[in-house]
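>>> just the structure for this:
(one chain, ligands or ions: 2)
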Amino acid sequence: MLAITGVTLSTESTAVAAVLGERGAPGQGDPYFPLSGNGGYTTRHYDLDLAYDPATRRLDGDAEITARASQGLKTFDLDLSGLTVHAVRVDGRTARWTRTGQELVITPRKALRRGETFRVEVSYGGVPENVTDPDGSPDGWISTDDGAFVAGEPQGAMSWFPSDSHPKDKASYTFRITVPTGYTAVANGVLTSQRSKGGRTTFGWHQAEPMAAYLATATIGKFDVQRYTTASGIPVYNAVDPREATAAAPALAQIPAILDWETKLFGPYPFAAAGAIVDHAPDVGYALETQTRPVYDRAPDVGTVVHETAHQWYGDSVSLTSWQDIWLNEGFATYAEWLWDEQHGEQSAQARFDGYYARPATSSLWAFPTADPGTGANIFASPVYTRGAMTLQELRTAVGDAHFFTILKSWAGSHRYGHGTTAEFITLSEKVSGKDLGPLFHTWLYTAGKPAQP
Ligand code: ARG
Ligand code: ZN
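Ligands and ions are numbered 1, 2, ... in the order given. Sure thing, here's the model as predicted:
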């Protein structure tokens, strides 16, 4: 069998695998996170049966993954870090497995044929350890004083379930999460069941539309639950830590208005459910647009809810092909906040732009190019968020409001449930506006330093 000796091997091992037709690559070859995701197959569905005890912090899981081989496979990988694997089965038969770093390397009894659909079952458990991101932030299964805050961007999914952990590969999900009665377990999509027995409660959730692994959650705590259906028919499920309830109430009350407003701007809401998870997780330091139901580490303000809700279109429904393009998520969600303010009696997006543009050339805002942040440590920095939003304001100025808002809607519509790249966004913008936008995007997306006055 081939040894994985380092990240630089991924291209080479892909080439070797192609020759041998037998080993799926250990990563999707993302320049920033080379081992995230795996080669040789695509996933269709994850069925996650989880039990968590907040007192001992122990997680037990049975994951069943349905996938389709895109090449002949004698061996393939899933991403999983920490935890103990008890058994692996492929199509019901015990399979051999080994672990190297974040790779769970599986060798089924019988090699898989190209095009074959197969089912992998992994039973595992232990005390999950969150992943530390290149920028030092915690990611994945982050235990709290009353449960766990679970958010996996960019690579934390592997801390709590085995997956093809790259946004290129999206799948539907089913969750059954068992916790001591009194705790609430909140995942993505629609709540399908809730049953208590013998002091334990099991929550069933179903996420039907395709989802990237990093957007999965199974956040657990002692939550107050609010449920209602918006006038436009979207079921909302909010879970709120009582310690955050008063501070969170004003922003949560805006959820239906935000959904309606964003639907008008971006096109139909992509998912069958919505809501919010407001946790009390003071050490986390961020919110995440977990699909259908963003998770907040504390009571959010309205701007943050506007931002995470905008990600449902830009980031969740339209996914990244490469982490380098993260501005397609963060620049758009930040621009949504600017638009919300502009259309709700606050400063205009242009005024926001001008305020940022006034920053000196030495500001960290100009430290690196928006669409080429350089390393995984920079993906959540201001040149991605703020300068990303500034790029959209520049585009708006160049093409005019009518074309600009058509571009926003078409981007969400034409890549719905799929993927996008910066190059595709530029092509779409030029097609809609009939303008050569090469120089504008080159300056704003691919050049470091403060752009010359437009
Ligand atoms: N995408 C999140 C947002 O809406 C930020 C996630 C930050 N994640 C992290 N590991 N630091 O802005
Ligand atoms: Zn964001």
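>>> all helices of this structure, in order?
Along the chain, the segments classed as helices by DSSP state H run 9-20, 245-253, 255-266, 302-310, 327-342, 349-357, 382-399, 401-414, 422-433, 438-446.
>>> nearest to ligand 2, of these?
Closest to ligand 2 of those is helix 327-342 (C-beta to the ion; 4.2 Å). C-beta here means a position set from N, CA and C on the backbone, and glycine is covered the same way.
>>> what sits up against that closest one?
Residues outside helix 327-342 that contact it (C-beta atoms under 8 Å, 6 or more residues apart in numbering) are 258, 261-262, 265, 289, 302-303, 306-311, 313-315, 318, 320, 347-349, 352, 370-371, 380, 384-389, 391-393, 408, 420-422, 425, 445.
>>> how close does Gly101 get to Ser196?
According to C-beta to C-beta, to the nearest Å, Gly101 stands 39 Å off from Ser196.
>>> quick one on the thing from earlier: JSON lines for the helices of the chain, including mean neighbour count and mean pLDDT?
As requested, the helices of the chain are exported to JSON lines (neighbours: other C-beta atoms under 10 Å; pLDDT from 0 to 100):
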{"stretch": "helix 9-20", "mean neighbour count": "15", "mean pLDDT": "46"}
{"stretch": "helix 245-253", "mean neighbour count": "16", "mean pLDDT": "98"}
{"stretch": "helix 255-266", "mean neighbour count": "18", "mean pLDDT": "98"}
{"stretch": "helix 302-310", "mean neighbour count": "23", "mean pLDDT": "99"}
{"stretch": "helix 327-342", "mean neighbour count": "24", "mean pLDDT": "98"}
{"stretch": "helix 349-357", "mean neighbour count": "16", "mean pLDDT": "98"}
{"stretch": "helix 382-399", "mean neighbour count": "23", "mean pLDDT": "98"}
{"stretch": "helix 401-414", "mean neighbour count": "17", "mean pLDDT": "98"}
{"stretch": "helix 422-433", "mean neighbour count": "17", "mean pLDDT": "98"}
{"stretch": "helix 438-446", "mean neighbour count": "17", "mean pLDDT": "97"}
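>>> what residue in the stretch 351-454 of the chain comes nearest to ligand 1?
Distance from ligand 1 to each residue of the stretch 351-454 of the chain (C-beta to the nearest ligand atom) is smallest for Phe380, at 4.9 Å.
>>> pLDDT score for the nearest residue to that residue once chain neighbours are set aside?
Spatially, and ignoring its direct neighbours in sequence, Phe380 is nearest to Asp135 (6.2 Å; C-beta to C-beta, 6 or more residues apart in numbering). Here, the pLDDT recorded for Asp135 equals 94.
>>> likewise for the one 10 residues further on?
Predicted confidence (pLDDT) at Asp145: the value is 98.
>>> so can I have JSON lines of the helices of the chain showing distance to Pro154?
Below are the helices of the chain laid out as JSON lines (distance: least, C-beta to C-beta, whole Å):
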{"stretch": "helix 9-20", "distance to Pro154": "17"}
{"stretch": "helix 245-253", "distance to Pro154": "26"}
{"stretch": "helix 255-266", "distance to Pro154": "23"}
{"stretch": "helix 302-310", "distance to Pro154": "16"}
{"stretch": "helix 327-342", "distance to Pro154": "11"}
{"stretch": "helix 349-357", "distance to Pro154": "25"}
{"stretch": "helix 382-399", "distance to Pro154": "12"}
{"stretch": "helix 401-414", "distance to Pro154": "21"}
{"stretch": "helix 422-433", "distance to Pro154": "17"}
{"stretch": "helix 438-446", "distance to Pro154": "20"}
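>>> out of the ones you listed, flag the one nearest Val179.
helix 245-253 (20.1 Å; C-beta to C-beta).
>>> which parts of the stretch 101-250 of the chain are strands?
Assigned by DSSP state E, counting those that start in this stretch, the stretch 101-250 of the chain shows strands spanning 103-107, 117-126, 131-132, 138-144, 147-151, 171-180, 184-186, 190-197, 200-211, 219-221, 224-229, 235-240.
>>> distance to ligand 2 and mean neighbour count added to those strands, as CSV?
CSV is the format used below for the strands of the stretch 101-250 of the chain (distance: least, C-beta to the ion, whole Å; neighbours: other C-beta atoms under 10 Å):
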stretch, distance to ligand 2, mean neighbour count
strand 103-107, 29, 21
strand 117-126, 30, 18
strand 131-132, 18, 18
strand 138-144, 14, 23
strand 147-151, 12, 29
strand 171-180, 21, 21
strand 184-186, 20, 25
strand 190-197, 24, 12
strand 200-211, 16, 20
strand 219-221, 17, 28
strand 224-229, 24, 13
strand 235-240, 19, 20
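>>> quick check: which of those is nearest to ligand 1?
Closest approach to ligand 1 among those (C-beta to the nearest ligand atom): strand 138-144, 4.2 Å.
>>> is the closest one in proximity to ligand 1?
Yes. Counting by C-beta under 6 Å from any ligand atom, contacts between strand 138-144 and ligand 1 involve Asp139.
>>> switch the strands of the stretch 101-250 of the chain over to TSV; also include distance to Glu337.
TSV is the format used below for those (distance: least, C-beta to C-beta, whole Å):
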stretch	distance to Glu337
strand 103-107	38
strand 117-126	39
strand 131-132	28
strand 138-144	23
strand 147-151	19
strand 171-180	28
strand 184-186	24
strand 190-197	28
strand 200-211	24
strand 219-221	23
strand 224-229	24
strand 235-240	20
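>>> nothing else from me, thank you.
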